[in-house]
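[1] pasting the sequence and the predicted model now:
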Amino acid sequence: MAQAARDLLTGSACLGCGTPGRWWCPGCRIPGEPLVARPWPRPAGLVPTVAAATYDGVVAGAVVAHKDRGAQELADPLGRLLACAVSGLLAAVPPPSDTTVLLVPVPSRAAVVRERGADPLLRLTRRAVRTLRREHRLRVAPGLLLRHRGGVADQADLDAAQRAANLRGAFVAPATALRRWGGRPAVAVVVDDVMTTGSTAAEAQRALQASGVPVLGCAVVAATTKRFRDSVGDRRGG
């Protein structure tokens, strides 16, 4: 009741049905379905990528509201969707036994984090880890291994080739972050909220692999409709 009262004061209403009081009411939430996301053109060497939903409608609205409007209530349903994508990826590409899977969020620029007052993707990553541990009994942990170097232009109007060039060398895995996991068996899964061209995931993968971190795959909350090819269980080419 207290949460509903706070939401009414901020003017929030369900993104699905418009009912006031919650950003995304339980009746409108979706469980997610792990789907293979294959961007085209595909970045060279991109690891297997799974999304839990298409980036449209209520899901797109929820991602934007959580990221840009500070709707922290949405961290739980979006974190569950991210967990759905991760579990689907791990079912399709199982990690070695006795290995911890590190969910590595794509880093945001420091100035953006300061402006928002928080790191929304890190919040989703932690919610996904909690869900995967409690409900799926998976050995996962948040892995804050990447840092944004800066110098990246806004990508809103860039095509796939321009995005790849813009992001080249944008991420680095500092030695201080890597030392925490030194000597312990671990693999990384790059996580993000949305996949468009795959350039961001590919750059994160490059930075991790350049630092000696094996990357199992990438998981995202949602991918644009054109990025889907088939379900995780469908092994057809594409």
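    Everything's here; your move.
[2] so is the residue positioned nearest the centre of the chain in a helix, a strand, or just coil?
    Central residue of the chain (CA atoms, centre = their mean): Asp192, 2.2 Å from the mean position. Of the three states, Asp192 takes strand under DSSP: H, G, I helix; E, B strand; the rest coil.
[3] from Leu121, how far out is it?
    Distance of Asp192 to Leu121, given as CB to CB, to the nearest Å: 7 Å. Yep, even glycine has a C-beta here, placed from its N, CA and C like the rest.
[4] can you list residues touching both of these two?
    Pro105, Val106 (CB atoms under 8 Å, 6 or more residues apart in numbering).
[5] could you list the low-pLDDT ranges of this structure?
    1-11, 150-169, 182-183, 226-238 (pLDDT under 70).
[6] can you give me the strands in it?
    Counting by DSSP state E, one finds strands in the chain at the ranges 35-37, 49-54, 100-105, 140-142, 147-148, 171-172, 186-195, 215-223, 228-231.
[7] please convert those to a markdown table, extending it with distance to Ala65.
    Formatted as a markdown table, those follow (distance: least, CB to CB, whole Å):
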| stretch | distance to Ala65 |
| --- | --- |
| strand 35-37 | 22 |
| strand 49-54 | 15 |
| strand 100-105 | 19 |
| strand 140-142 | 23 |
| strand 147-148 | 23 |
| strand 171-172 | 26 |
| strand 186-195 | 12 |
| strand 215-223 | 13 |
| strand 228-231 | 23 |
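[8] what sits against the residue nearest to the centre of the chain?
    Asp192 touches Pro105, Val106, Leu121, Thr200, Ala201, Ala204, Cys218, Val220, Val221, counting by CB under 8 Å, 6+ apart.
[9] bridged to it, which residues?
    Val220 (DSSP bridges).
[10] could you measure from it over to Lys67?
    Taking CB to CB, one finds Asp192 at 11 Å from Lys67.
[11] what of Gly88?
    23 Å.
[12] ok, now Arg139?
    When Arg139 is compared with Lys67 (using CB to CB), they lie 28 Å apart.
[13] run a quick neighbour tally on Pro178.
    For residue 178 the amino acid is Leu, not Pro. Residues within reach of Leu178, counting by other CB atoms under 10 Å, total 15.
[14] please name the nearest non-neighbouring residue to it.
    Distances taken as CB to CB, 6 or more residues apart in numbering place Ser211 nearest to Leu178, at 5.9 Å, with adjacent residues excluded.
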